[in-house]
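Asker: Predicted model follows, preceded by the sequence.
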Amino acid sequence: MAKIKLATIWLCGCSGCHMSFLDLDEWLLELAEKVDVVYSPVASDVKEYPEDVDVCLVEGGVANEENLELIRIARERTKFLISFGDCAVTANVPALRNMLGGAEPVLKRCYLELGDANPQLPNFPGIVPELLDRVRPVHELVHVDLFMPGCPPPADRIQATIEPLLRGEKPVMEGREMIKFG
């Protein structure tokens with residue numbers, strides 16, 4: 001049986017979902033026998049999102065142009081895309097900046113009002129990816145096949161979500177143990 005091509009993406013989030021994924025402990029060894037991790041911030045040095053990905057776990061909200069480009073590419077090249085954690089599902093904590101009313105007020109607050117010795121806006125392309133006016137959950141920008149809430153989702157929920165996919169089945173996201181936020 002061919003291995004499933006698995007990817008994980010970390011957008012605008014704290015990496016807590018990826019840390020929870022690593023909490024799968026010994027099950028990671030079983031998983032490694034059934035999947036090829038083809039893209040991940042924790043397991044590979046691949047710089048470009050590959051073609052023909054079977055399953056992708058997407059952590060974080062979409063906050064800047066780089067996030068937006070990556071999520072669009074991932075959706076285009078992935079068969080089954082999962083919003084992985086509350087930030088991907090709702091935009092959660094990163095969306096708190098939305099209250100400031102756009103990218104410009106966020107940059108002014110961060111770099112001018114709260115700047116240390118030499119407050120200034122970054123003005124060289126590439127220092128800070130171009131911010132979107134709002135942090136948005138993944139499903140507002142691309143189609144999502146499954147939502148896995150949690151901040152972060154506990155390891156047993158991650159395993160219960162991935163195991164059916166390994167058998168070619170869709171996970172059942174019912175009951176408190178599978179759909180609780182926070």
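Answerer: Nice, thanks for sending it over. Numbers count the residues shown, from 1 in each chain.
Asker: Can you show me the strands along this protein?
Answerer: 4-10, 35-39, 53-59, 62-64, 78-84, 131-136, 146-148 (DSSP state E).
Asker: Now do the second one and strand 78-84, the angle between them.
Answerer: By that I understand strand 35-39. Per axes from the mean of the first three to the mean of the last three CA atoms, to 10 degrees, the angle that strand 35-39 makes with strand 78-84 is 80 degrees.
Asker: Within its sheet, name the partner strands of strand 35-39 and how each one runs.
Answerer: strand 4-10 (parallel) (DSSP bridges).
Asker: The residue nearest to residue 20 when sequence neighbours are not counted: neighbouring residues, count only.
Answerer: With sequence-adjacent residues excluded and distances taken as CB to CB, 6 or more residues apart in numbering, residue 20 is closest to residue 152, at 3.9 Å. The way it works is simple: take the backbone N, C-alpha and C, and place the C-beta from them, glycine included. The tally of other residues near residue 152 (other CB atoms under 10 Å) stands at 25.
Asker: Residue 152: what's it in contact with?
Answerer: Residues in contact with residue 152 (CB atoms under 8 Å, 6 or more residues apart in numbering) are 16-17, 19-20, 85.
Asker: Tell me, what's the model's pLDDT at it?
Answerer: On pLDDT, residue 152 comes in at 97.
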